[in-house]
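S.K.: sequence and predicted model, in that order:
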Amino acid sequence: MDFAFSALVLDRAGEARQDATWIEGRFEERDARVLVLSSEGRILLAQPGRLLLDLPLALLRERFHLTQFSFLGRERGAALFALTLDAAALGDFNREFNAEDVDLRVAAAELPAQQAGVAAFARSLAHWQSRTRYCGSCGAATILCSGGHRALCSNAACAIEHFPRTDAAMIALVHDGNRCLLGRQASWPERRFSTLAGFLEPGETLEDCVRREVFEEVGVRIGACDYIGSQPWPFPASLMLGFMARAESFDIALGAEICEARWFTPEQLVEQWRSQQIKLSPRLSISRHLIERWYLQMTGTALA
Ligand SMILES: [Zn+2]
């Protein structure tokens, strides 16, 4: 599918990376490479060209310790690591390597799909590491292992292993067979309309999450939900699960999150979008993909 962060081809070597000796071997590989991000989760791009800064690991081996790198996997056979720089080191590093730190939301629109995917992975992993320095059970410091994919509590009496978390969120294109329902939040750019979204709660199925969130946000009851696809969303660590959701009631009653919601026929949607009365979610978002998918199904032509 053609949305950002969903086209990553990487051998994560999940079994092998549990072996510290194996990780050391990858660290010493001649063709090992490293991508770099800031502690705020910004991605370093090489100038000029604005592609991911992708350095031979050999350039950094003397300066940083192995434990400061995370092993991401093998990309086209070569070991790929990620390094997070603190704010104090960032400026000098950018100057030395002619790089620039960029918000990944911005970079994702420009980067090749593979690079956007690998940057999203690195960003989410680094965010989890930064929030898992202490054990959530006993409060002792944790020790990263398995190439940065596991945090072990240093208190021998506790010894809990912590693993990266992903927050599941649903995103749904609500339709009634003829029209689709789009809403906007007050904080969004003016006239931007989008699909509805919300986080999964404990003990909830995704389908029930779609029904609950849609009802909370616009007061519409949902029947059948069809799963379409998913998009990693590393801001900081979500997975968006996309649905087409069939409405069973049609009156809109706005909840607290949405300031405006409307039903659109395909004709109204394309006409108001072309004349810029409304704006849609950016290309590369799963929201835009769901809207375009619905429009294509309804009209047999692409939204353009
Ligand atoms: Zn502990």
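M.R.: In hand now; what should we look at?
S.K.: tell me who's in contact with the nearest residue to residue 113 once chain neighbours are set aside.
M.R.: Excluding its sequence neighbours, the residue lying closest to residue 113 (Cβ to Cβ, 6 or more residues apart in numbering) is residue 7, at 3.8 Å. Bear in mind the C-beta positions are built from the backbone N, C-alpha and C, glycine included. Neighbouring residues of residue 7 by Cβ atoms under 8 Å, 6 or more residues apart in numbering: 113-114, 116-117.
S.K.: which of those residues sits closest to the ion?
M.R.: Nearest to the ion among those is residue 117, at 32.9 Å by Cβ to the ion.
S.K.: only the buried residues of the one helix or strand residue 242 maps to, if you could.
M.R.: If you go by DSSP states H and E, residue 242 is part of strand 238-247. Buried residues in strand 238-247, counted by 16 or more other Cβ atoms under 10 Å: 238-245, 247.
S.K.: do stretch 197-209 as well
M.R.: In stretch 197-209, counting by 16+ other Cβ under 10 Å, buried: 197-198, 200, 204, 206-207, 209.
S.K.: what would those residues look like in CSV with secondary structure?
M.R.: Output for the buried residues of stretch 197-209, formatted as CSV (DSSP: H, G, I helix; E, B strand; the rest coil):
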residue, secondary structure
197, strand
198, strand
200, coil
204, coil
206, helix
207, helix
209, helix
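S.K.: can you narrow the residues you listed to ones near the ion?
M.R.: Counting by Cβ under 5 Å from the ion, nothing from the buried residues of stretch 197-209 sits close to the ion.
S.K.: what's near enough to touch residue 169?
M.R.: Going by Cβ under 8 Å, 6+ apart, the list of residues near residue 169 reads 197-200, 233, 238-241.
S.K.: re earlier: by contact count, what packs against the strand holding residue 242?
M.R.: Applying 3 or more Cβ pairs under 8 Å, 6 or more residues apart in numbering; DSSP states H and E, one finds that strand 238-247 contacts strand 167-175, helix 206-218, strand 222-233, helix 286-299.
S.K.: direction included, what does the helix or strand following that strand pair against?
M.R.: Scanning forward in sequence from strand 238-247 by DSSP H and E, the next helix or strand is strand 260-264. Paired with strand 260-264 in the same sheet, following DSSP bridges, are strand 180-184 (antiparallel).
S.K.: run the chain-centre distance for the partner strand.
M.R.: With Cα atoms, centre = their mean, to the nearest Å as the basis, strand 180-184 stands 22 Å off its chain's centre.
S.K.: circling back: looking at the contacts of residue 7, which two lie furthest apart in space?
M.R.: 114 and 116 (7.4 Å; Cβ to Cβ).
S.K.: between the two, which one's more packed in?
M.R.: Remark: of residue 114 and residue 116, residue 116 carries more neighbours, 26 against 15, as counted by other Cβ atoms under 10 Å.
S.K.: right, and that one touches residue 107 too?
M.R.: Yes - with contacts counted by Cβ atoms under 8 Å, residue 116 reaches residue 107, the gap being 7.2 Å.
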